[in-house]
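Enquirer: okay, sequence plus prediction incoming.
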Amino acid sequence: MTGMLASVNSIAEALLVLNAGVDIIDLKQPALGALGALELDDVKQIVAVIAGRRPVSATIGDLPMQPEVIFNAVHTMAETGVDYIKIGFFPGDDWAGTLKKLSSVALQKQALIAVLFADAQPDLTIIATLKSSGFAGVMLDTMDKQQGSLTQVMTAQQIVQFVYQAKELQLLCGLAGSLRLMDIPELMTYQADYLGFRGALCQEHNRVGQLNQIAVQAINLAMQAASEESALESIKLTI
């Protein structure tokens, strides 16, 4: 079953999505970039308030793929108590060296999630290397939020291939990237572990604005409806 991830930047927003029944609470600061990081004190406070009622993920920021830079950011974020640490694999720099450096963290059971950017045409063969480096999951997102949603910058076949490869390797698999209400029915059929939202949950779809409770409920209900429709289709196929 595909769950819902909601990105928040404050205690108030975290409590809003918790009460709405989202599956994963994701901490980031949209004003600082595609994967802008929250202040560590804010992360710690939100983790304490959520108190294990939902899994919490957090980004380490839009950082260059340099081994020491990423390693230090991951080590620091791990001390906040989040369940998942999201690392953006931005184009360029030293991916191989960074993965080698991070493997020691991953082997210590830190749940690392690699974020690949669909609008950078990522080489999906990296997924196998992520698995062997000890990552717990991988997700697709977009860097340039002005280019449209994930479904506009990557073909359905490419998204299906991504989900298939991740699941074959038993990696947690997520889809995000300016996702819209209209994207839900199609994306739910791909059976990723979760769909991630920010802009669609905000006032006037402004990702750097505040969350809107009605928008959060609309996305949640649309996902439930799509999940129920998928379940009915499965039943019909078995009859």
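Expert: Arrived safely. Numbering: from 1, shown residues only.

Enquirer: could you pull out the strands for this structure?
Expert: Secondary structure of the chain by DSSP state E: the strands cover 3-8, 24-27, 56-59, 84-88, 112-117, 137-141, 172-175, 194-197.

Enquirer: now the fifth one, how far from the chain's geometric center?
Expert: Okay, so that is strand 112-117. Going by C-alpha atoms, centre = their mean, to the nearest Å, the spacing between the C-alpha centre of strand 112-117 and its chain's C-alpha centre is 8 Å.

Enquirer: adjacent strands (with direction) for that strand?
Expert: The strands beside strand 112-117 in its sheet (DSSP bridges) come out as strand 84-88 (parallel), strand 137-141 (parallel).

Enquirer: so which of those strands is nearest D62?
Expert: strand 84-88 (6.3 Å; C-beta to C-beta). C-betas here are computed from N, CA, C, even on glycine.

Enquirer: list of residues touching stretch 57-72?
Expert: 5, 24-28, 32-38, 43, 73-74, 77, 80, 82-90, 92-95, 97-98, 100-102, 105, 113, 115 (C-beta atoms under 8 Å, 6 or more residues apart in numbering).

Enquirer: where do the helices sit along this structure?
Expert: For the chain, the helices defined by DSSP state H cover 11-20, 40-50, 67-78, 95-106, 126-132, 150-153, 156-168, 184-188, 213-238.

Enquirer: take these and write them to JSON lines, including distance to R207, mean neighbour count and mean pLDDT.
Expert: Formatted as JSON lines, the helices of the chain follow (distance: least, C-beta to C-beta, whole Å; neighbours: other C-beta atoms under 10 Å; pLDDT from 0 to 100):
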{"stretch": "helix 11-20", "distance to R207": "12", "mean neighbour count": "18", "mean pLDDT": "98"}
{"stretch": "helix 40-50", "distance to R207": "18", "mean neighbour count": "17", "mean pLDDT": "98"}
{"stretch": "helix 67-78", "distance to R207": "21", "mean neighbour count": "17", "mean pLDDT": "95"}
{"stretch": "helix 95-106", "distance to R207": "27", "mean neighbour count": "18", "mean pLDDT": "88"}
{"stretch": "helix 126-132", "distance to R207": "26", "mean neighbour count": "17", "mean pLDDT": "96"}
{"stretch": "helix 150-153", "distance to R207": "14", "mean neighbour count": "20", "mean pLDDT": "96"}
{"stretch": "helix 156-168", "distance to R207": "21", "mean neighbour count": "16", "mean pLDDT": "97"}
{"stretch": "helix 184-188", "distance to R207": "17", "mean neighbour count": "18", "mean pLDDT": "96"}
{"stretch": "helix 213-238", "distance to R207": "12", "mean neighbour count": "14", "mean pLDDT": "80"}
